[in-house]
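**Q** structure for this input, please:
(chains A and B)
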Amino acid sequence: MCLGIPVKVMQVDGQSAVVDVGGARREISLLLLDDVRAGEWVILHAGFAIQKMDEEEAEKTLALLRELPGAIEIH
Amino acid sequence: MPLRYIDEFRDPALARAVVARIEAAWDGPPVRVMEVCGTHTMAIARGGIRSLVSSRVALISGPGCPVCVTPDGYIDAAIALGRRDGVVLATFGDMVKVPGTASSLEKERGNGADVRIVYSPLDAVAIAVAEPGRDVVFLGVGFETTAPAIAGAILAARERGVANFSVLASVRTIPEAMAILASDPEIRIEGFLCPAHVSAIIGADAYRPLAETFRIPCVVAGFEPLDILLGLAMILAQKKTGRAAVENEYARVVTTSGNRKARDVIGRVFEKCDAAWRGIGVLPGSGLAIRAEYGAFDAAVKHDIAIPASGADTACRCGDVLKGKIAPDGCPLFGTACTPDAPVGPCMVSTEGTCAAHYKYGVQR
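**A** Numbering: from 1, shown residues only, chains lettered A, B, ... in the order given. Take a look at the predicted model:
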């Protein structure tokens, strides 16, 4: 029930935003999150953006994974 | 199309490397790690992670699905509301099949009750606006992840003067339940895999008292397979060096302090209360109740309906499953009298329930 999906913010309009959900556009609420800008990624849960996705931290975690012995990248 | 920030964390080649890291990190008997959150339980079952790490980690499923820990008395109260003229029950889909003592929302719908599945509590407000002649009651069930969304809908309804919208609240908070489980010597938890999106709201620091009081490593992990495996590796690394700290694998979303604005929204609408957890009992300070000043949006106040104490008496052992004391197949009803099509207990009903996950994916211990 606590699933949340990463979505890209396409357009911000006051307390709501239009996001891209796997190719579809959807309007969500920004009531719970300040300073959201177009182009950023947020976690969407039950119609609300609940947190920002920190792209730098995502890359750090992936880098750590890729540096493990035996890790072979297949992408 | 590829799903960014999801697909990368499902890479099987990298998963093998993390499993190797897990195997190298620990050579003692399997460490008893509880995954508290139902979304983790599902991801672990779907990814076959339990058997992948079983030589080093004994994964125990905790109580972490809001639907599973909602007492049947709440369902009974919702059903009673749904039988009143002009009432629309708006709910997340997970709740529809959950049995109360005598019926379920699905059965009630078959009998003519107006039960509608919504994706967001804001959708329930929209129904109220579109149908001013109806009284819309949203079944506000959730943990800290969902609490701000429920509170946000109440604030939106107040701002827009939507008088025919209210919430039957059943909101619980996770750290209080973790403390009870951590102190139970029968369960003997040696590590916590802390929930992803609950932590996005409450912040990783919320687990600090747990780690310090009970000397249990607490690692926040995301919901993808690589997140879970890496989180387990981090718990084992702590065990190896005798540490018990809070660490955060899911730093791309979770910060130490969480989402302050969301917590402010929760605090405006809700206040702490004692709450009953199905199968566990009443835990002090583990719930959120709608503040009196928002009584016009509190369905229990507005419709003068009490949530009765739980009453069902079956051989169902969901309580012991929720506490991680037995595996689902330790229940006499599992897979025979209780299946996803005809569930007896909430752990089988919810798609994120431990029993449903075990049934669907044939999980072994």
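
**Q** what is the helix or strand residue B:209 falls within packed up against?
**A** Under the criterion of DSSP states H and E, residue B:209 resides in helix B:208-214. Counting contacts by 3 or more CB pairs under 8 Å, 6 or more residues apart in numbering or on different chains; DSSP states H and E, helix B:208-214 packs against helix B:174-182. All C-beta atoms are positioned from the backbone trio N, CA, C, and that covers glycine.

**Q** can we see that at 10 Å?
**A** helix B:174-182, strand B:191-194, strand B:218-220, strand B:246-248 (3 or more CB pairs under 10 Å, 6 or more residues apart in numbering or on different chains; DSSP states H and E).

**Q** could the ones you listed be laid out in JSON lines, adding mean neighbour count and mean pLDDT?
**A** Output for the helices and strands packed on helix B:208-214, formatted as JSON lines (neighbours: other CB atoms under 10 Å in any protein chain shown; pLDDT from 0 to 100):
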{"stretch": "helix B:174-182", "mean neighbour count": "21", "mean pLDDT": "94"}
{"stretch": "strand B:191-194", "mean neighbour count": "28", "mean pLDDT": "98"}
{"stretch": "strand B:218-220", "mean neighbour count": "28", "mean pLDDT": "98"}
{"stretch": "strand B:246-248", "mean neighbour count": "22", "mean pLDDT": "98"}
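
**Q** so what pLDDT did the residue of chain B found nearest chain A get?
**A** As assessed by CB to the nearest CB, chain A sits closest to residue B:120 within chain B, at 2.6 Å. As predicted, residue B:120 sits at a pLDDT of 97.

**Q** run through the chain and note the low-pLDDT ranges.
**A** Since no chain was named, I'll use chain A. For chain A, applying pLDDT under 70 flags the ranges A:72-75.

**Q** try again with chain B
**A** Ranges of chain B meeting pLDDT under 70: B:1, B:310-313, B:363-365.

**Q** residue nearest the centroid of it?
**A** Chain B has residue B:65 as the residue nearest its centroid, 2.6 Å off, counting by CA atoms, centre = their mean.

**Q** whichever strand or helix holds residue B:129 packs against which elements?
**A** Assessed by DSSP H and E, residue B:129 sits inside helix B:121-130. When contacts are defined as 3+ CB pairs under 10 Å, 6+ apart, helix B:121-130 packs onto strand A:24-29, strand B:87-91, strand B:114-117, strand B:135-142, helix B:147-159, strand B:165-172.

**Q** of all those, which lies closest to residue B:294?
**A** Closest to residue B:294 of the helices and strands packed on helix B:121-130, according to CB to CB: helix B:147-159, at 5.8 Å.

**Q** circling back: what comes up buried for the helix holding residue B:129?
**A** Neighbour counts over helix B:121-130 (16 or more other CB atoms under 10 Å in any protein chain shown) mark B:121, B:122, B:123, B:124, B:125, B:126, B:127, B:128 as buried.

**Q** go on, stretch A:23-30?
**A** Here stretch A:23-30 shows A:28, A:29, A:30 as buried, counting by 16+ other CB under 10 Å.

**Q** tell me the contacts of the last one?
**A** Contact partners of residue A:30, counting by CB atoms under 10 Å, 6 or more residues apart in numbering or on different chains, are A:9, A:12, A:13, A:14, A:15, A:16, A:17, A:36, A:42, A:48, A:49, B:261.

**Q** got the contact list for the residue nearest to the centre of chain B?
**A** Per CB under 10 Å, 6+ apart, neighbours of residue B:65: A:1-2, B:37-39, B:41-42, B:94, B:141, B:143, B:322, B:346-347, B:349-354, B:356-357.

**Q** try it again at 6 Å.
**A** B:38, B:350, B:352, B:353 (CB atoms under 6 Å, 6 or more residues apart in numbering or on different chains).
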